[in-house]
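Q: I'll drop the sequence and a predicted model, then ask my questions.
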Amino acid sequence: MTVVRDTPARPSEPDADVAADVREIVDEVRRGDGLAVIERLDGIALDSPAELRVGAGELEAALDGLDADVRAGLELAAENVGALVQAQLREPVEATLAQGQQIRVDELPLARAGVYAPGGRAAYPSTVVMCAVTARAAGVGQIVVCTPPGPGGRAHEVVLAACALCGVDEVYRVGGAQAVAAMAYGLGPLEPVDVIAGPGNAYVTEAKRQVSGDVGIDGLAGPSELVVVASEGADADLVALDLLAQAEHGPDGLLAVTAPDAGFLDAVTAAFERGGTDATLYTVEMPPADGLALSERLAPEHLELVGAEAEALAGEVRRAGCLFVGNQAATAFGDYVAGSNHVLPTGGAARFQSALSASTFRRRMARVTFPGDSAAKLAPAGAAIARAEGFPVHAESMERRA
């Protein structure tokens, strides 16, 4: 563990060789050699591509064998995530503009969504809930989950149980970049999807980057991040516990706490050190307003405002994946059961990107009609612009309607 009393900095980018390795994997899957890639990288022997799919019986058996407390937790998480997504859905917008043309904008669900549920350092049934429940509540017709196989070629039982609980339509035991490529381009029984969601390691993230454009993606997830802006009234032990919780995702994330009181920072540091993590913690002595300004520059995945003076700044936050306010608002609640989504922008992407939500799985489409003489009213203006751009046929197309 390292504690740095200085301004935090993000870890360096992944090794450049990752991109080349992923390109080779993606190209092999696109060429139709995906089965060989999976056997090589996932370590399972397959007689046919059909064996990639997890059967309905295996899913139901996993759900039946799930610990009752875990099942109750996943059910509560699914209920809360789904309720928030339902609140996000928007009715069509209709407008009649000055020349009489009528435009209706609908939100339409995607037909088919893919979810990557990691299985490296740990299995993530919570990711299945966050992604699959959001997609289903957004109206997606078919939901596919890919998750790495474990010993004996079986995927993690709790992940499979979560898939059954959330009504996932298809589950495949394949992980890594090859899973992303298979969802993008198809492999055996796995037909291509319209969008791929869910976090993963550097190879999964790079694969999403490379297939983006051929398929939609939710974003490029990096190491976990938490910035805490604290002031008087903050609980040092709870702040340290929240930082240690995010450190469980790995040692390469961004963990930082700011406070105006050096004694408070020392207390957080001592509690953090007792956690025995190998992650780096940045501590910065500064008032809450400066702490928020630092956070706004970093645009972290998670931001906590703790203590009365810090909490009063909540309305000024513009750049964070998710904001947690107050001593009781542990970031871990957002990871599991609060109802907010844990698939969040990292690496500063909170400057322009949102959390996974209904909009990840829906697209807007305008429907335009021209009743009465509205086309004739618009044609002269449109034609003038078209000819200025060198497109006379565009101009004529509009003028004919006049």
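A: Happy to help now that I have it. Numbering: from 1, shown residues only.

Q: distance between stretch 208-219 and the chain's centre?
A: 12 Å (C-alpha atoms, centre = their mean, to the nearest Å).

Q: no, scratch that, I was asking about stretch 67-85
A: 18 Å.

Q: got the buried residues for that stretch?
A: Neighbour-count burial for stretch 67-85, counted by 16 or more other C-beta atoms under 10 Å, picks out 71, 73-74, 77-78, 80-82, 84-85. Every residue, glycine included, has its C-beta placed from N, CA and C.

Q: ok, now stretch 41-50?
A: 41-42, 44, 46, 49.

Q: among those residues, name the ones in helices.
A: With DSSP state H as the criterion, helices contain L41 from among the buried residues of stretch 41-50.

Q: quick one on the thing from earlier: for G150, state which of the buried residues of stretch 67-85 is nearest.
A: L74 (19.2 Å; C-beta to C-beta).

Q: quick check: which element contains the closest one?
A: With secondary structure defined by DSSP states H and E, L74 is part of helix 68-88.

Q: what sits up against that helix?
A: 63, 66, 125-126, 129-130, 133-134, 136-138, 158, 161-162, 165-166, 336-341, 357-359 (C-beta atoms under 8 Å, 6 or more residues apart in numbering).

Q: re the thing from before, mind putting the buried residues of stretch 67-85 into CSV with pLDDT?
A: As requested, these are exported to CSV (pLDDT from 0 to 100):
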residue, pLDDT
R71, 97
G73, 97
L74, 97
A77, 97
A78, 97
N80, 97
V81, 97
G82, 97
L84, 96
V85, 97
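
Q: with distance to G276 added, can I get the buried residues of stretch 41-50 in a markdown table?
A: Listed next are the buried residues of stretch 41-50 as a markdown table, based on distance: C-beta to C-beta, whole Å:
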| residue | distance to G276 |
| --- | --- |
| L41 | 32 |
| D42 | 32 |
| I44 | 35 |
| L46 | 41 |
| P49 | 44 |
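
Q: as CSV, the buried residues of stretch 41-50 with distance to V204 and pLDDT would be great.
A: Below are the buried residues of stretch 41-50 laid out as CSV (distance: C-beta to C-beta, whole Å; pLDDT from 0 to 100):
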residue, distance to V204, pLDDT
L41, 12, 89
D42, 13, 87
I44, 18, 87
L46, 21, 83
P49, 21, 84
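
Q: name the nearest of the buried residues of stretch 41-50 relative to P118.
A: Using C-beta to C-beta, those come closest to P118 at D42, 13.6 Å.

Q: surely G263 is in a strand?
A: No. Assessed with DSSP: H, G, I helix; E, B strand; the rest coil, G263 is helix; it does not lie in a strand.

Q: that one: neighbour count?
A: 9 (other C-beta atoms under 10 Å).

Q: neighbouring contacts of the helix or strand harbouring A20?
A: Assigned by DSSP H and E, A20 belongs to helix 17-30. The contact list for helix 17-30 (C-beta under 8 Å, 6+ apart) reads 34, 36-37, 41, 176-178, 180-182, 184-185, 187, 202-203, 206-207, 210-211.

Q: show me where the stretch 251-400 of the chain has its helices.
A: Remark: helices assigned in the stretch 251-400 of the chain by DSSP state H, counting those that start in this stretch are 262-274, 288-298, 308-311, 331-336, 374-388, 392-399.

Q: so which of those helices is nearest A350?
A: Of all those, helix 288-298 comes closest under C-beta to C-beta, at 8.7 Å.

Q: what residues sit buried inside the closest one?
A: Going by 16+ other C-beta under 10 Å, helix 288-298 has these buried residues: 288-289, 291-292, 294-296, 298.

Q: same list, these, but as JSON lines with distance to D242 and pLDDT please.
A: JSON lines is the format used below for the buried residues of helix 288-298 (distance: C-beta to C-beta, whole Å; pLDDT from 0 to 100):
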{"residue": "P288", "distance to D242": "17", "pLDDT": "98"}
{"residue": "A289", "distance to D242": "21", "pLDDT": "97"}
{"residue": "G291", "distance to D242": "15", "pLDDT": "97"}
{"residue": "L292", "distance to D242": "17", "pLDDT": "97"}
{"residue": "L294", "distance to D242": "18", "pLDDT": "96"}
{"residue": "S295", "distance to D242": "15", "pLDDT": "97"}
{"residue": "E296", "distance to D242": "20", "pLDDT": "97"}
{"residue": "L298", "distance to D242": "17", "pLDDT": "95"}
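
Q: of all the residues you listed, which comes closest to H249?
A: L298 (17.2 Å).
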